[in-house]
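Asks: Build me a model:
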Amino acid sequence: MKYFVDKQSVVRQIWGNGDTILFIFAGASAEFALNKAVDWLYFTGKLPADPLGRLFSTVSYARAIIFSEKQSAIRAIDSMTAIHADVEAKRGSSIPDWAYRDVLFMLIDYSIRAFEVLERKLSRVEKQEILEVFNRVGNRMGLKGLPEVFEEWEKMRQAHLNQHLQHSHYTDDLFNQYRKHLGVIRYKILLEAQTLVVPQKVRELLGFRRISLLNPLIGLYKLSRSMKIDWLLKGLILPSRYKNEIKELDRA
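Replies: Modelled structure (predicted):
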């Protein structure tokens, strides 16, 4: 059976780990709030109404692509593309191409950043592999101008960060929604996780410190995984009503 992502791929290792996924979406949730196309996320109202639900929904799509055989993964990508097309039709305008690329670049960047924070440094070959996997997703969606080599991606990613981010009223509202749905303690943990993984440009626009308070706790968190009690920590980070979804995060 041919899979969309090879079984030995580092991408499967990254997206098969619940800890890594949480850090990926911590970073993405920060950057989403700054993106100049964030108004598209407000058009349906689903993201501000249930940001955690949208997180798990996105994880489900990612899993359907990364861990499925090729044709099933393609159907998942096509379904995602159709959903976006429906939103565009309802609004009467098109999502900018650069906004699609921004999301793809975010997934690449935070996949790398989260894994390197929690596991180890990735090699140049592994980073290229991550780029190629997400490029296959982008190409299926019809995106143009995707970089083919990792060094080219790095330059484009930095250009996107410089050109497509701004602190707006959407930023403040989205962070208020995070706080509302997480509660004060979990919200503070989210901010520290974001501080740990976001690029410098995002950190500057959000007024984050350079050093996260979670830095000295990463070792303890890794120890909890070796003792098979890390699900307790996930339960502290995420609300109890997402108990089943939390357990599913570690399903490879």
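Asks: Go ahead and confirm residue 131 touches residue 147.
Replies: Yes - using Cβ atoms under 8 Å, residue 131 makes contact with residue 147 at a distance of 7.3 Å. For glycine as for every other residue, the C-beta is placed from the backbone atoms N, C-alpha and C.
Asks: Looking only at neighbour counts, state which of those two leads.
Replies: Shown here are residue 131 and residue 147; by other Cβ atoms under 10 Å, residue 131 has more neighbours (23 against 17).
Asks: roughly how far apart are that one and residue 210?
Replies: For residue 131, the distance to residue 210 (Cβ to Cβ, to the nearest Å) stands at 27 Å.
Asks: just residue 44 next, same as before
Replies: 35 Å.
Asks: And those two? Which one has more around it.
Replies: residue 44 (15 against 8).
Asks: Which residues are in contact with the more buried one?
Replies: residue 87 (Cβ atoms under 8 Å, 6 or more residues apart in numbering).
Asks: how close does it get to residue 83?
Replies: Residue 44 is 10 Å from residue 83, by Cβ to Cβ.
Asks: Kindly report the same for residue 14.
Replies: 24 Å.
Asks: low-scoring stretches of the stretch 151-252 of the chain, by residue?
Replies: For the stretch 151-252 of the chain, the stretches with pLDDT under 70 are 224-252.
Asks: That one: strands as residue ranges?
Replies: Assigned by DSSP state E, counting those that start in this stretch, the strands in the stretch 151-252 of the chain number zero.
Asks: buried stuff in the one helix or strand residue 86 maps to?
Replies: Assigned by DSSP states H and E, residue 86 belongs to helix 70-91. Across helix 70-91, burial judged by 16 or more other Cβ atoms under 10 Å covers 73, 74, 76, 77, 80, 87.
Asks: From residue 96, how far off is residue 154?
Replies: Here residue 154 is placed at a distance of 22 Å from residue 96 (Cβ to Cβ).
Asks: meant to ask about residue 183, not that
Replies: For residue 183, the distance to residue 96 - Cβ to Cβ - is 35 Å.
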